[in-house]
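> Generate coordinates for the sequence data below:
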Amino acid sequence: MASRRFSKGVTSLVLLSSLASPAFAGGLERGGYNIDQLFDTSPFSFQSGVTYVTPQRRLKDVRDTNTSVLTGGGNLNTRPNSADDTSNYTIPYIGFKAGFADAVDCLVDYSVPFGGHTDPGSNWAGANNNIETEIKTRNYGGTCSYRFDMGPGQLRFIGGAFYQEVEGFKERLVSTLPVLLGTGTGVGRLDLEDSGWGWRAGVAYEIPEYAMRASLVYNSRVKYDNLTGTVDLRQVPIVPIYGGKITNVFGSAEAPDSLEMKLQSGIAPDWLAFGSVKWTNWSVLQSVPFCPTSTKGVAACTAGGATELTSLDLLYRDGWTISGGVGHKFNDQWAGAVSVTWDRGTSQGYGAQTDSWTLGLGAAYTPTEHIEWRFAGAVGVLTSGSSGTFEYNGQTYGDDVSYSFGNDLVAALSTSLKIKF
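Numbering: from 1, shown residues only. You can find the predicted model right below:
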């Protein structure tokens with residue numbers, strides 16, 4: 001009797017753990033890859049949710065270190081030496097899960113795994129580095145698993161594929177001379193887009209009686225081998241060859257692969273402990289060069305190469321995210337969870353992505369056996385640091401602007417509705 005009460009008491013907490021701490025992670029992390037709905041014990045379930053994140057990263061002590069009119073935008077040190085760097089964003093999710101023959105489960109989902117948006121504007125001393133940059137992705141996935149009895153529990157093999165789209169842009173001040181001459185704003189813009197395929201594979205072991213589950217899932221890289229776009233220099237007519245017009249460009253990049261281990265187990269009647277460790281290969285994104293389409297097949301498009309027209313400089317290192325928490329079922333309708341998450345910053349002295357610490361609180365309300373509403377909140381700290389010159393593969397980056405930043409706050413709210421039948 002006690003073990004049956006234990007199992008019933010923690011079941012509703014199993015999937016709550018993924019909503020306990022929406023985090024502001026490093027790199028271009030947004031929602032990441034999350035297939036927790038695949039483990040839903042209902043034969044069929046539909047889930048829709050959204051997370052709203054408000055990072056408050058503020059740059060200060062900004063100094064324009066490349067004051068050349070032609071290559072550095074001009075001397076911008078008379079402009080404000082501080083700026084709000086980050087923008088609020090939302091992360092949507094939609095998923096449908098179906099079970100077949102008590103052994104096979106399949107999940108189709110839409111998510112936003114990666115993205116980024118910085119918007120310090122033009123009125124700051126670092127406008128020659130960035131006015132606004134935004135990257136968006138859309139991910140359409142299909143994942144299935146097969147489970148069978150093994151020992152006291154069940155072993156599950158997981159596999160799937162996903163199709164991913166990416167688009168984005170960057171604007172920066174190329175030169176102040178067109179403004180002085182009355183021939184333009186001096187702002188240049190890069191637009192890009194591409195799509196690609198990825199796959200995932202994993203394994204999980206579950207003992208339902210104790211709400212115990214251990215899983216290990218690998219998500220592959222997505223190769224953007226045909227990044228295409230434009231460089232718009234119509235507002236910078238003084239640039240040789242490409243100034244005053246729009247130029248078609250091409251490049252290539254990769255969305256990172258990742259490996260995540262999740263653990264959870266009942267620890268007492270109506271109590272659940274959970275944790276996870278994730279590695280993300282953000283170091284695949286360094287400097288992404290873009291070259292005129294007219295040079296394609298003539299010379300390789302490489303960072304710092306002779307045909308490079310512009311680049312998207314990220315210069316990331318690998319990311320690590322560690323999370324742990326505990327959940328409790330209060331009664332047949334209400335359950336809650338609390339978690340702590342640490343994320344290692346991906347910046348290496350260039351950029352503002354330092355370590356973050358996040359405290360998350362989540363709750364689930366189940367008015368009937370077919371409906372579950374979840375909501376969660378999180379507050380965290382983005383740790384301090386600075387950005388300046390950085391050397392990579394013999395190339396120098398960050399020599400156009402330097403700045404520092406203190407410990408800043410980040411907050412998030414998340415909600416979802418699940419229908420089970």
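> Distance-wise, check the nearest residue to residue 137 once chain neighbours are set aside relative to residue 40.
Spatial nearest neighbour of residue 137, excluding adjacent residues (Cβ to Cβ, 6 or more residues apart in numbering): residue 114 at 4.5 Å. For the C-beta atoms, the positions are set from N, CA and C on the backbone; glycine is no exception. When distance is defined by Cβ to Cβ, to the nearest Å, residue 114 is 25 Å away from residue 40.
> Apart from its chain neighbours, what residue comes closest to residue 167?
residue 193 (4.2 Å).
> I meant to write residue 169 there.
residue 191 (4.8 Å).
> Relative to the helix or strand containing that neighbour, what are the paired strands and their orientations?
For residue 191, the host element (DSSP states H and E) is strand 187-207. Its sheet considered, strand 187-207 pairs with strand 153-173 (antiparallel), strand 212-219 (antiparallel), strand 222-232 (antiparallel) by DSSP bridges.
> Quick check: phi and psi on residue 293?
phi -60, psi -30 (degrees, to the nearest 10).
> How is the nearest residue to it once chain neighbours are set aside classified with respect to secondary structure?
Once flanking residues are discounted, residue 293 sits nearest to residue 248: 4.2 Å by Cβ to Cβ, 6+ apart. Secondary structure for residue 248, judged by DSSP: H, G, I helix; E, B strand; the rest coil, is strand.
> Give me the neighbour count for residue 248.
13 (other Cβ atoms under 10 Å).
> The one 5 residues further on too?
Residues lying near residue 253 (other Cβ under 10 Å) number 20.
> Could you pull up phi and psi at it?
With angles defined as degrees, to the nearest 10, residue 253 sits at phi -160, psi 180.
> That one contacts residue 282, doesn't it?
No: in this structure, residue 253 is not within contact of residue 282 by Cβ atoms under 8 Å, at 11.9 Å.
> For the stretch 101-250 of the chain, give me the ranges with low pLDDT.
Applying pLDDT under 70 to the stretch 101-250 of the chain flags no residue at all.
> sorry, back to before: go ahead and confirm the residue nearest to residue 167 touches residue 227.
Yes: the pair residue 193 and residue 227 passes the contact test of Cβ under 8 Å, sitting 7.5 Å apart.
> In terms of neighbours, single out the busier of those two.
Using other Cβ under 10 Å, the more surrounded residue of residue 193 and residue 227 is residue 227, with 21 against 15.
> what's the spacing between residue 328 and residue 240?
66 Å.
> ok, those two, which is more surrounded?
The residue with more neighbours, out of residue 328 and residue 240, is residue 328; 16 against 6, by other Cβ under 10 Å.
> check contacts around the more buried one.
13, 270, 271, 272, 335, 336, 337 (Cβ atoms under 8 Å, 6 or more residues apart in numbering).
> Same question for residue 342.
By Cβ under 8 Å, 6+ apart, the residues touching residue 342 are 321, 322, 323, 355, 356, 357, 358.
> Residue 391 and residue 63, how far apart?
19 Å.
> Which residue comes closest to residue 347 once chain neighbours are left out?
Here the residue nearest residue 347, using Cβ to Cβ, 6+ apart, is residue 353, at 4.3 Å.
> That neighbour: what's it in contact with?
26, 27, 316, 345, 346, 347.
> Now with 7 Å, please.
Residue 353 makes contacts with 26, 345, 346, 347, as judged by Cβ atoms under 7 Å, 6 or more residues apart in numbering.
> mind listing what the residue nearest to residue 244 when sequence neighbours are not counted touches?
Closest residue in space to residue 244, ignoring its immediate chain neighbours: residue 237 at 3.6 Å, by Cβ to Cβ, 6+ apart. Neighbour list for residue 237: 178, 183, 184, 243, 244 [criterion: Cβ under 7 Å, 6+ apart].
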